[in-house]
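Enquirer: dropping the sequence and predicted coords here.
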Amino acid sequence: MLMTACSHSSTPATPHTVTRVDDMIVGIDEVRQIAKTDDLRPRAKADTHKPAPSDANAPAPCRVVGHNELTFGNNWTEFRSAGYHGVTDDIQPGGNAMVNGVTQAVARYANPDAAQGVLRQLESSLQACVALHDPGYAFTLDKPDPSTLRLSADQWSHLYRTKSAMILSVGVVGLEASDQIANSVLQIITDRVG
């Protein structure tokens, strides 16, 4: 009796973990769901493929705050940022409506050491900014884990994380549970890095 058979490997395919930074940005619908607000709208000015210029009027060590050219340095190889903003019911003294929003950015570097170096420089500058005690930059800086920096103040949170050869950045302002929102968006981006 002649029997024939065929077989195949049962080893699963290795997932493709290298993605474009554009694919790591969390979309507006998902951010609205996380932030529990439908009022957020895309902000065209925040949708860029290179970091914005820093605020030249800010104290020198504080110019790195946010998503700008000093935050990410000049040796990134790929960059993307996006922002979603709305207006709250809160009114500042003088009648100005307060803005709320979620911003995010991803920068890819040549290798993990380059990304780590930028994060170390960012941490050093942020420590110097905090040491100035400038009322315009009154935030707390801490490091919840070795790869993450967190800036926080009332209804404001900004996180920076390095993973692989990437620096990920998420900022939330004017929304309740800003730290929770920032952490949730950052975790989604982190998971997309692979």
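Expert: Received, thanks. Residues are numbered from 1 along each chain as shown.

Enquirer: give me the helices and strands touching the top helix by length along the chain, please.
Expert: Longest helix in the chain by number of residues (criterion: DSSP state H): helix 112-132. On a contact count with 3 or more Cβ pairs under 8 Å, 6 or more residues apart in numbering; DSSP states H and E, helix 112-132 meets helix 69-72, strand 140-145, strand 148-153, strand 156-163, strand 166-173. In this view, the C-beta of every residue, glycine as well, is placed from N, C-alpha and C.

Enquirer: and if we set it to 10 Å?
Expert: helix 69-72, strand 97-108, strand 140-145, strand 148-153, strand 156-163, strand 166-173 (3 or more Cβ pairs under 10 Å, 6 or more residues apart in numbering; DSSP states H and E).

Enquirer: ok now the third one, how far from the chain's centre?
Expert: Looking back up the chat, that one is strand 140-145. 15 Å (Cα atoms, centre = their mean, to the nearest Å).

Enquirer: pairing partners for that strand, with directions?
Expert: Taking DSSP bridges as the criterion, strand 140-145 sits next to strand 148-153 (antiparallel) in its sheet.

Enquirer: with only the CA atoms kept, save the strand it pairs with in PDB.
Expert: Taking C-alpha atoms only, strand 148-153 is exported to PDB below (Å, rounded to 0.1, in the frame of the first residue of the first chain):
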ATOM      1  CA  THR A 148       9.500  57.500  30.400                       C
ATOM      2  CA  LEU A 149       9.500  61.100  31.500                       C
ATOM      3  CA  ARG A 150       6.300  62.800  32.800                       C
ATOM      4  CA  LEU A 151       5.500  66.500  33.200                       C
ATOM      5  CA  SER A 152       2.300  67.200  35.100                       C
ATOM      6  CA  ALA A 153       0.300  70.100  36.400                       C
END
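
Enquirer: where does this structure have its least confident helix or strand?
Expert: Of all helical and strand segments in the chain, the minimum by mean pLDDT, DSSP states H and E falls on strand 78-91, at a mean of 83.

Enquirer: isn't Arg192 up against Thr19?
Expert: Yes. Using Cβ atoms under 10 Å, Arg192 is in contact with Thr19, at 6.5 Å.

Enquirer: any residues in contact with both of the two?
Expert: Contact criterion Cβ atoms under 10 Å, 6 or more residues apart in numbering; residues shared by Arg192 and Thr19: Val106.

Enquirer: report how many residues lie close to the residue nearest to Ala35 when sequence neighbours are not counted.
Expert: Nearest residue to Ala35, sequence neighbours excluded (Cβ to Cβ, 6 or more residues apart in numbering): Ile181, at 5.1 Å. A count of nearby residues for Ile181, using other Cβ atoms under 10 Å, gives 20.
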